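Q: What follows is a predicted structure for the sequence shown.
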Amino acid sequence: LNFCLLSPIMVGKDRIIFATKEDHETPSSAELVADDPDDPYEEQGLILPNGDINWNCPCLGGMASGPCGEQFKSAFSCFHYSTEEIKGSDCVDQFRAMQECMQKYPDLYPQEDENEEKEKASKDLEATPMEASAAKEEMGSS
């Protein structure tokens, strides 16, 4: 099924544009712009050459945006710039605020229950010796 719509639709902050089959068959007229070596955000990694945090780094997985983006930035900045002997020990309040925010959005920030994780690990460990002894019995009976 092909849907054809020439005008864009606004959905919240996003703009959805449907393309026709003809649009896809026509060669693109987009011009590629050469990378700007002075662009401080382009392929710089987490920390920019000047020591600032690159909030656009894909390595952050989008944590700097979203409903808890400001809390994440506050906590991460505090940790990054911390000069305490135990780095980040002065950032407990910021990390607590970030965690409280994330708990309000469990669909966006899933948190594994520690007890479930421990139970799963112990079940995996219990299963391993049983499988090993079953394998030994099979080898001995052949």
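A: Perfect, I can see it now.

Q: partner residues bridging the nearest residue to residue 80 once chain neighbours are set aside?
A: Closest residue in space to residue 80, ignoring its immediate chain neighbours: residue 53 at 5.8 Å, by Cβ to Cβ, 6 or more residues apart in numbering. From N, CA and C alone the C-beta is placed, and that goes for glycine too. Counting by DSSP bridges, residue 53 is bridged to residue 47.

Q: and residue 53, what does it touch?
A: 46, 47, 73, 76, 77, 80 (Cβ atoms under 8 Å, 6 or more residues apart in numbering).

Q: Run a quick neighbour tally on the second one.
A: Right, residue 47. Close neighbours of residue 47, defined as other Cβ atoms under 10 Å, add up to 12.

Q: With the fifth one instead?
A: Here the neighbour count serves as a burial measure; for residue 77 (other Cβ under 10 Å) it reads 15.

Q: Just the pLDDT for the residue nearest to it when sequence neighbours are not counted.
A: Nearest residue to residue 77, sequence neighbours excluded (Cβ to Cβ, 6+ apart): residue 53, at 6.4 Å. Reading off the confidence values, residue 53 has pLDDT 92.

Q: and the gap between the nearest residue to residue 90 once chain neighbours are set aside and residue 51?
A: Of all residues not flanking residue 90 in the chain, residue 84 sits nearest, at 4.9 Å (Cβ to Cβ, 6+ apart). Using Cβ to Cβ, to the nearest Å, residue 84 is found at 18 Å from residue 51.
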